[in-house]
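Asks: the following block contains a protein sequence and its predicted model.
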Amino acid sequence: MKNSLIKSISIGVATMLVGASFSAVMAEETTAEFTVTANLSVPGELNTQLPGVTAYMTNGNNPLGLGGYEAVAPTEPVADNAKLTVTSSGAMTLELNIPNPVFTLQQIDGCSNATIVKAIRDNEIYSSGAEEREGRITDVTIELNDNSGVYVFEDCVEFPTLLGVDWTVPLTLEVDLSNVTIPEEKAEPTETPVTSYGYADEEEETPAPEETETPVPTETPVVSATPTVAPTVAPTTEPTVTPTVAPTTSPTQAPISFTDVKDNDWFKSAVDYVSGNELMYGTTDTEFAPNEETTRGMLVAILYRMTGSPEVRYDGSEWYAAGRTWAMENEISDGTNMPNNVTREQLVSMLWRYDGSNEVESDMLNGFIDSNKVSDYAVNAMQWALESGIISGESDTTLNPKGNATRAQMAAMIMRYKNIK
């Protein structure tokens, strides 16, 4: 009996050890390597030297012809220049060379969906004559935390030796993942959420802290709020809204002078327009907060103001309550998730519905490498917005449809929309 018990225990332990070893082998992670196109750039709208021109740090070309590169500005993207390693669990690691010896990279960090895990510097001296920097970042290893293909680094320093001053311009990394096999657990959901109306709805965004605006006193009070976007419902009939605000290319009142909006900012005219027409207010008496993200509640409030703030019966005490009810009645929004951030594709979808949901024939969307990231519900709206000039790419090749819209972007799209009406 005793020997039988010992034998049974021994067999059980052995079985457990074999099973554990087998599980360890089966759980061993595998990797796959891909050669991909990855471009790191200063977007054209942030280029103060050549406004509208995107400058690529992954292109070695430079006006001095250093390093054996062409003596031209690095305004063209490169191809097949990076290595991407993908594990069986879906982790993605990008190895990227930064070759430009004149437009030097000194610091890069601050991305919400990617992490710098390694940055290699050389020890060369980079000089403008009056100013110099010791070393530059020549190679980076980056963990990509999603497969959006667009990664914006906010905490950056660039030193263009021809200018001799540091830039602190955010950099955009665009990675073409179209030929990369990504495990299913990393793939984006394909199911489209449905609203209470039964129409395809936008994906929910992360709730943003509720913002308040400081309204400008007017003779006719307007519902106070902070404008921005908030889409939700793709109506099958044209909304009954008829905008009553007369289209104009200039403010109807003197625009407010905000301390955080400079004369040379790309969004200056847009902020002047929306503040002068009382469509958007400042977050304080003196600040507009152009880079803050916007919410769905802000957008319905703006569209409501654009329509002349008609009388509606509404429940709730939120600053966007009247706009929310109006948007629901006109099938522009289902009224949910008002405090949530609004994305660029949601913003144009709301404007599109406000305009009547008209379909347009356009192939402009195909000109962007991340066009496949546009949600099905937003394709018609995005084509309409591109064809109408309401939205433009965040770079020459990317739309970033799922990126959260900033107050500056919101102001610009509202002004462009009003200018075409």
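Replies: Noted; the coordinates are in hand. Numbering: from 1, shown residues only.
Asks: alpha carbons only for contacts and neighbour counts from here, please
Replies: OK.
Asks: residues in contact with the nearest residue to S257 once chain neighbours are set aside?
Replies: Spatial nearest neighbour of S257, excluding adjacent residues (C-alpha to C-alpha, 6 or more residues apart in numbering): T286 at 7.2 Å. Neighbour list for T286: S257, F258, T259, D260 [criterion: C-alpha atoms under 8 Å, 6 or more residues apart in numbering].
Asks: gap between the third one and D80?
Replies: To tie it back to what came earlier, the one meant is T259. 43 Å (C-alpha to C-alpha, to the nearest Å).
Asks: ok, back up a step: which residue in the contacts of T286 has the weakest pLDDT?
Replies: Within those, the minimum per-residue pLDDT falls on S257 (88).
Asks: same question for stretch 148-161, mean pLDDT?
Replies: For stretch 148-161, mean pLDDT is 90.
Asks: again, but for stretch 70-83
Replies: On average, stretch 70-83 scores 92.
Asks: ok so, going back, and the pLDDT at the residue nearest to S257?
Replies: 91.
Asks: where's it relative to R407, distance?
Replies: Going from T286 to R407 by C-alpha to C-alpha gives 15 Å.
Asks: same check, this time on A82
Replies: Here the criterion is C-alpha to C-alpha. By it, A82 lies 34 Å from R407.
Asks: tell me where the stretch 1-150 of the chain has strands.
Replies: 31-36, 38-42, 55-56, 82-87, 92-97, 103-109, 114-121, 125-127, 132-134, 137-144, 150-153 (DSSP state E, counting those that start in this stretch).
Asks: contacts for the last one next, please.
Replies: Right, strand 150-153. 108-114, 170-175, 370, 398, 400.
Asks: buried members of the residues you listed into ChimeraX, please.
Replies: One line in ChimeraX is enough to select the buried members of those, burial here meaning 16 or more other C-alpha atoms under 10 Å:
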select :108,109,111,113,114,170,171,172,173,174,175,370,398,400
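Asks: E134: which of the contacts of strand 150-153 is nearest?
Replies: Nearest to E134 among the contacts of strand 150-153 is I108, at 16.1 Å by C-alpha to C-alpha.
Asks: wait, the closest one sits on C156?
Replies: Yes: in this structure, I108 is within contact of C156 by C-alpha atoms under 8 Å, at 4.4 Å.
Asks: give me the distance between D80 and T37.
Replies: 4 Å.
Asks: those two - which one has more neighbours?
Replies: Neighbours were counted for D80 and for T37 using other C-alpha atoms under 10 Å; T37 has more, 19 against 12.
Asks: OK, contacts around that one?
Replies: The neighbourhood of T37, defined by C-alpha under 8 Å, 6+ apart, consists of V78, A79, D80, N81, A82, V175, D176.
Asks: please apply the same query to L66.
Replies: L66 touches P101, V102, counting by C-alpha under 8 Å, 6+ apart.
Asks: and if we set it to 10 Å?
Replies: Neighbouring residues of L66 by C-alpha atoms under 10 Å, 6 or more residues apart in numbering: G60, N100, P101, V102.
Asks: just the buried ones from those residues?
Replies: Here, 16+ other C-alpha under 10 Å leaves G60, N100, P101, V102 buried among these.
Asks: so can I have TSV of these showing distance to Y314 and pLDDT?
Replies: As requested, the buried ones among the contacts of L66 are exported to TSV (distance: C-alpha to C-alpha, whole Å; pLDDT from 0 to 100):
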residue	distance to Y314	pLDDT
G60	59	94
N100	58	92
P101	60	91
V102	59	89
